[in-house]
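In: build the 3D model from these lines:
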Amino acid sequence: MSTLTLIANGYIQNPGEEKFRGNILIEKEKIVDITEKFYPDAAQIEAKGCIITPGLIDQHIHGGYECDFNTANPEAIVSFLAQLPKHGTTAVCPTIMTDTPENIRAQIEKIKQAKAQAPGNAAKIIGINLEGPFINPEYKGAHSREYILPPTIENYRQIEDEEIKIVTISPEFDENGELAGYLEKKGVIVSIGHSNAQNLSGLSHVTHIFNAMPPLHHRNPGIVGHALVNDGVYVEVIADHNHLHPEAVRLILRSKPGSKVIFISDCLAPGKKTLKKGDAAVNKQGNLIGSLVFLDGVIRKNTGISGLKDLLMYCSLNPARNLGLECSGYIKKGTVADLVLWDAVELRVKGAFVSGNFSLPGSFRTGG
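Out: Numbering: from 1, shown residues only. Predicted structure coming up:
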């Protein structure tokens with residue numbers, strides 16, 4: 001039995017480049033050829049009328065559907081991961097909000113269990129994003145004030161785990177930059193957020209720019225101004241048009257090199273304390289606390305601001321590079337077959353591959 005799959009007759013769209021017509025041959029988890037040829041022995045996915053892109057990578061997502069990464073059990077997490085490919089998302093960093101060290105440790109273990117249990121065609125977990133508890137209480141946003149901790153090595157060691165890839169901290173409370181230095185030596189991305197820091201030396205990554213930090217001011221540019229004018233700084237952007245006005249998104253894209261912008265969903269699951277207002281999540285007081293828009297929706301919302309080839313940089317290639325995923329975020333021979341097939345007219349997801357495993361097979365005619 002052949003282990004080859006051919007995605008035929010689609011248009012291949014790589015980040016930052018023009019699309020082209022071609023067939024993609026997959027063997028196991030890898031792309032082994034991009035060609036105009038047909039392979040009669042391969043199972044065929046007919047992609048006529050589709051644009052084929054790399055899978056989307058969401059490095060800052062709190063959950064969705066019935067899953068909250070702060071409370072969900074492994075079964076709920078696996079179920080959620082299985083839903084994400086229909087939104088074009090093939091890899092995620094589950095994001096845990098401020099909580100007690102005991103609860104954070106418990107959720108890290110549940111996420112690790114889910115990672116081991118998830119089927120091959122579910123979105124992959126590529127590391128945990130820890131948003132809190134090392135934040136400024138005055139810029140806590142939706143985080144619980146009573147669980148906020150000073151950013152010290154001792155406090156971090158209460159929850160430390162090799163799966164943690166990103167940690168948000170308020171550096172104004174990190175004495176002598178000790179925690180930041182410790183995390184960097186461990187290979188963890190240090191992101192400034194929920195903060196009013198004034199000393200921004202060494203800043204290289206910003207958690208959802210403009211949100212949970214002082215606004216841009218012409219005499220005190222602060223975190224926002226520093227991040228916008230320094231080309232080496234990655235900025236996370238919640239481009240759902242609720243957290244940021246479309247003109248603010250334009251400002252970011254005009255200010256930053258395209259390679260340093262990362263669109264995130266910041267998506268969460270509606271619940272007892274989380275209400276739905278359009279496609280935004282608000283609390284009972286009506287304050288914005290998160291998004292209900294996955295990255296496929298973010299792309300559709302922003303096609304009037306930027307073209308698909310650039311949006312794929314922000315939603316796929318850039319997070320891949322930020323997280324050290326050298327074989328993801330781009331379609332070429334030898335890369336991992338994390339792929340999305342989109343309707344070329346409305347940019348609706350019709351199918352996806354996760355490490356060569358097909359999701360939503362009912363959407364396509366197959367043969368071979």
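In: so what's the residue count around the closest residue to residue 164 other than its chain neighbours?
Out: Distances taken as CB to CB, 6 or more residues apart in numbering put residue 128 closest to residue 164, at 4.9 Å, once the chain neighbours are dropped. Quick note: C-beta positions are derived from backbone N, CA and C, even for glycine. When counting by other CB atoms under 10 Å, one arrives at 25 neighbours for residue 128.
In: quick one: contacts for the residue lying closest to residue 230 once chain neighbours are set aside?
Out: Excluding its sequence neighbours, the residue lying closest to residue 230 (CB to CB, 6+ apart) is residue 203, at 7.3 Å. Neighbouring residues of residue 203 by CB atoms under 8 Å, 6 or more residues apart in numbering: 192, 223, 226-227, 230, 233.
In: helix/strand/coil for residue 203?
Out: Following DSSP: H, G, I helix; E, B strand; the rest coil, we place residue 203 in the coil state.
In: please indicate which of the contacts of residue 203 are buried?
Out: With neighbours counted using 16 or more other CB atoms under 10 Å, the contacts of residue 203 contain these buried positions: 192, 223, 226-227, 233.
In: inside strands: which ones of these?
Out: Using DSSP state E, the members of these that fall in strands are residue 192.
In: could you dump the buried ones among the contacts of residue 203 into CSV with distance to residue 308 added?
Out: Formatted as CSV, the buried ones among the contacts of residue 203 follow (distance: CB to CB, whole Å):
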residue, distance to residue 308
192, 30
223, 30
226, 30
227, 25
233, 25
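In: now, the buried ones among the contacts of residue 203 that are in helices?
Out: The helices, defined by DSSP state H, take in 223, 226-227 from the buried ones among the contacts of residue 203.
In: what segments of the stretch 251-368 of the chain are helices?
Out: 295-301, 308-312, 318-322 (DSSP state H, counting those that start in this stretch).
In: got these as JSON lines, with mean pLDDT and mean neighbour count columns?
Out: As requested, the helices of the stretch 251-368 of the chain are exported to JSON lines (pLDDT from 0 to 100; neighbours: other CB atoms under 10 Å):
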{"stretch": "helix 295-301", "mean pLDDT": "98", "mean neighbour count": "22"}
{"stretch": "helix 308-312", "mean pLDDT": "98", "mean neighbour count": "21"}
{"stretch": "helix 318-322", "mean pLDDT": "98", "mean neighbour count": "23"}
